[in-house]
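Enquirer: What follows is a protein structure lacking sequence information:
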């Protein structure tokens, strides 16, 4: 059915991806506008419903209303469904349906899967989709069981299981929606090792990418990892460790964040915020009380984001690593960027630069506009909000519920571009280049 519609309108994969996500957002908006979706029985305002649906589908986590106290069970399940579909991609679920009905997956659908999963080839794409579904089910179930056990000490068993599944799915998909109420997120569990470490594990697994997870799973047989997986794992490790260390140092004596906590609590709070800043919208430390230096560190982490083929956003770890490698190579006077004794092709460096500059341009423009429209907010608050929206992170300094109508629409658009636009750009850059039949003469300009 999907292939027939694609052929009918002559849509290429990037357009299908954009239209598909937009359609899911619209369906979510309609459902969240229904009276049965909210506790007061009036349903969300159209703009708030659009914002919430966009945030859930784009696995961001920014909210204009409190999820735990505003929505009924129906509304919360709608949000959870949007998170799951948005995190894994609607084409992954279409593949699941095709596999269950024993329907043959066409070449066009494989191409759509390729873009949805941000892969460079369709070879083994259906097998990867199967692995994604299996990994997702196992990891989310394990996370739900661990969280349910812990929540059972604080609430009735049925509610604990429901909370466990909701937060497991939300955090594995790097969405960060929570049900704790009153915009408190998980600050009540800042010193709880089970909750903090479980969610950190869910966020990291969801953020490294399904291809990396697949290679890690098969490592016991293959005994090797691809260059992509090595770069993702090493960059992720460095960012998590570096972020944790900086947050720990900068917030150590902050009476509103780490100072009142035990040494274990200080470490868990720093680790959690470092991990969550990369892709996830939940928090155990009050974001609005963090020092400006810490907030700037988090902005950098949010801009970098997760890894390709994952549930997270940002420019991606491999893009960041490639640019850093290019800078180091240039400083050392080397022509090639070398990772793990392998040379990175020049076109990869150009692609990384294009993605980064496009993202930077978007963040700058949106921030500049919001500083004009959102009176009463500081520049740092607006920059933080914009970067969080682009990186589909979901952390906020508290200004989201107070955005103007225009501000909500602009942040919604930024979340949509952050989730879909970067994938589309990456896919477009991966297309075969047109052969150039002539080249212009070389020219020189002064740099630096």
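Expert: It's in. Given the structure is predicted, the values throughout are model-derived calculations rather than measurements. Residues are numbered from 1 along each chain as shown.
Enquirer: right, and residue 404 touches residue 373 too?
Expert: Yes - counting by CB atoms under 8 Å, residue 404 does reach residue 373; the two are 5.7 Å apart. Bear in mind the C-beta positions are built from the backbone N, C-alpha and C, glycine included.
Enquirer: The helix or strand containing residue 24 packs against which elements?
Expert: Element membership for residue 24, per DSSP states H and E: helix 13-33. Here helix 13-33 touches helix 46-57, helix 73-88, helix 90-100, helix 107-116, helix 405-416, helix 422-430, going by 3 or more CB pairs under 8 Å, 6 or more residues apart in numbering; DSSP states H and E.
Enquirer: Near the nearest residue to residue 366 once chain neighbours are set aside, how many residues? Count them for me, please.
Expert: Using CB to CB, 6 or more residues apart in numbering and skipping residues adjacent in sequence, the residue nearest residue 366 is residue 386, 4.7 Å away. For residue 386, the neighbour count with other CB atoms under 10 Å is 26.
Enquirer: if I pick residue 386, what's in contact with it?
Expert: 363, 366-367, 370, 411, 414 (CB atoms under 8 Å, 6 or more residues apart in numbering).
Enquirer: and what of residue 193?
Expert: 264, 268 are the contacts of residue 193 under CB under 8 Å, 6+ apart.
Enquirer: Would you map the strands across this protein?
Expert: Along the chain, counting by DSSP state E, strands occupy 337-339, 342-344.
Enquirer: helices or strands up against the first one?
Expert: Yep, that's strand 337-339 we're talking about. Right, strand 337-339 is packed against helix 227-251, helix 317-331, strand 342-344 by 3+ CB pairs under 8 Å, 6+ apart.
Enquirer: State the distance from the closest residue to residue 408 other than its chain neighbours to residue 392.
Expert: Of all residues not flanking residue 408 in the chain, residue 51 sits nearest, at 5.0 Å (CB to CB, 6+ apart). Look at residue 51 and residue 392: by CB to CB, to the nearest Å, they are 14 Å apart.
Enquirer: Count the neighbours of residue 200 for me.
Expert: Applying other CB under 10 Å, we find 20 other residues in the vicinity of residue 200.
Enquirer: mind starting the numbering at 20 from now?
Expert: Sounds good: first residue 20 from here, last item residue 219.
Enquirer: Isn't it up against residue 288?
Expert: No - between residue 219 and residue 288 no contact is recorded; they are 11.3 Å apart, counting by CB under 8 Å.
Enquirer: For the nearest residue to residue 411 once chain neighbours are set aside, grab phi and psi.
Expert: Spatially, and ignoring its direct neighbours in sequence, residue 411 is nearest to residue 332 (3.3 Å; CB to CB, 6+ apart). Torsion angles at residue 332 (phi, psi; degrees, to the nearest 10) stand at phi -120, psi -150.
Enquirer: Same check on residue 302?
Expert: Dihedral angles (degrees, to the nearest 10) for residue 302: phi -150, psi 150.
Enquirer: Just to check, it is in contact with residue 204?
Expert: Yes - Residue 302 lies in contact with residue 204 (CB under 8 Å); the separation is 4.8 Å.
Enquirer: Can you pull the residues that touch both of those two?
Expert: Common neighbours of residue 302 and residue 204, using CB under 8 Å, 6+ apart, do not exist here.
Enquirer: how far away is the closest residue in space to residue 311 that isn't next to it in sequence from residue 383?
Expert: Nearest non-adjacent residue to residue 311, counting by CB to CB, 6+ apart: residue 399, 6.3 Å away. Distance, residue 399 to residue 383, using CB to CB: 15 Å.
Enquirer: and if you look at residue 257?
Expert: Distance from residue 257 to residue 383, by CB to CB: 26 Å.
Enquirer: Next one: the nearest residue to residue 199 once chain neighbours are set aside relative to residue 295, how far apart?
Expert: Spatially, and ignoring its direct neighbours in sequence, residue 199 is nearest to residue 87 (5.7 Å; CB to CB, 6+ apart). Computed with CB to CB, the distance linking residue 87 and residue 295 is 18 Å.
Enquirer: who has more neighbours, those two?
Expert: Ranked by neighbour count (other CB under 10 Å), residue 87 and residue 295 place residue 295 first, with 31 against 18.
Enquirer: Assess the claim that that one and residue 306 are in contact.
Expert: No - look at residue 295 against residue 306 with CB under 8 Å: they stay out of range, at 9.8 Å.
Enquirer: Name the residues contacting each of those two.
Expert: By CB under 8 Å, 6+ apart, the residues touching both residue 295 and residue 306 are residue 414.
Enquirer: shaky segments in the chain?
Expert: 20-35, 108-147, 440-457, 464-467 (pLDDT under 70).
Enquirer: Name all residues that make contact with the residue nearest to residue 311.
Expert: Counting by CB under 8 Å, 6+ apart, residue 399 makes contact with 311, 314, 416.
Enquirer: most surrounded residue in these?
Expert: residue 416 leads these on contacts (other CB under 10 Å) with 21 neighbours.
Enquirer: any idea how far that residue is from residue 306?
Expert: 6 Å.
Enquirer: Pull out the buried positions in stretch 305-321.
Expert: Neighbour-count burial for stretch 305-321 flags 305-306, 309, 313-318, 320-321 (criterion: 16 or more other CB atoms under 10 Å).
Enquirer: nope, stretch 377-387 is what I meant
Expert: 378, 381-382, 385-386.
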